[in-house]
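> Here is a sequence with its predicted model. Questions after.
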Amino acid sequence: MLPVPDLRRLTQFIAVVEAGSFTSAAGQLHLSQQALSHSVQQLEKELGATLLVRSGRRITPTPAGQTLVDEGRPLLAAARTITAHTRAAATSPPQEFVIGHSPAISNHDVYTLIAPAIAATPDTSFTVVQLFPDRLTAGVRDGAVQLGLRRAVVPQERLAGAVIGYDALRVAVRSGHALAGRSSITMSDLEHELIALWAPPGASYYSDFLVNACRRAGFEPQYRVSRVQGCPPEVAPLTENAAAFVTAPPGPAVGGAVTVIDLDEPLLVPLQGVWQPHTNSAVRDLILL
């Protein structure tokens, strides 16, 4: 059986790498340099690999050491989550399950997804928060968010993840727009329209997905990044005077000020769920079914 790293020694080793020296790390950990050096040596012995090299006064990880840092951080985060879950299970207050979602996903879409899990787990408290993608990823990594939801398929950045489903995209425009009176439109009808995005292409996989859909229809889209974040995507035609891709049902929206129109050829966007690796959750499993 392969050896399993001691979590205490793993924590100390990562501290040495992050500090770049035993002296700084020992001060942060309130240990003697001798004790910290011995801990790292024992970890190397357990794993059968050299983890650090000295370059003058600077300490740098070997390839094996860098692998241990990269894989060890999510392992330690998962260990903290397991501890929190275990303590929570021993107390009477209801379990809290936090779901984070990117601005491109509406609260309505989130509720539709989690409604079966809410009904099946009456002792669980659910909290839904909207987060920008970088904060969403950080929250999942450190365990503050139990399930993250985002549009398109994003490289998992050392997170566990899966495509939960696909949503049909439609187009929202001002109700006075020339396209608003039509029951459906084609992608090519948007060739001369300004399109609202929630992040610049290259900074968002969802924006890249939308831009590439326009390119497949034969045109390079004109776009504007929305200056209003956090509101339902259907408000973008009002705030940006632009067309917006949304998942809302067709028909009037935002009190009739906006009209949502079907696309002749359905455009399906993936909904990706991401979570902390090395963890289990019965509530999460119910949502991912």
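That came through, no problem.
> Every contact and neighbour count from this point should use C-alpha atoms.
OK.
> Would you mind pulling the contact partners of stretch 240-256?
For stretch 240-256, contacts defined as CA atoms under 8 Å, 6 or more residues apart in numbering pick out 167-175, 193-197, 224, 226-227, 233-237, 258-262.
> Return the subset of these lying in helices.
Here DSSP state H is the test, and the contacts of stretch 240-256 give 236-237 as lying in helices.
> hey, where'd the strands end up in the stretch 101-250 of the chain?
For the stretch 101-250 of the chain, the strands defined by DSSP state E, counting those that start in this stretch cover 124-130, 147-151, 160-174, 184-185, 194-197, 222-225, 243-246.
> Can you tell me which of those is nearest to L136?
L136 sits nearest to strand 147-151 of all the strands of the stretch 101-250 of the chain, at 6.5 Å, using CA to CA.
> Next, the angle strand 124-130 makes with that closest one.
Angle of strand 147-151 versus strand 124-130, following axes from the mean of the first three to the mean of the last three CA atoms, to 10 degrees, is 40 degrees.
> Strand 147-151 versus strand 160-174: what angle between them?
50 degrees.
> CA atoms of strand 147-151 as PDB?
The C-alpha atoms that make up strand 147-151 are tabulated as PDB, following Å, rounded to 0.1, in the frame of the first residue of the first chain:
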ATOM      1  CA  LEU A 147     -21.200  23.600  -5.000                       C
ATOM      2  CA  GLY A 148     -20.200  26.100  -7.700                       C
ATOM      3  CA  LEU A 149     -22.300  26.600 -10.800                       C
ATOM      4  CA  ARG A 150     -21.000  28.300 -14.000                       C
ATOM      5  CA  ARG A 151     -21.800  28.400 -17.700                       C
END
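> so what strands line up beside that strand?
The pairing partners recorded for strand 147-151 under DSSP bridges are strand 95-101 (parallel), strand 267-275 (antiparallel).
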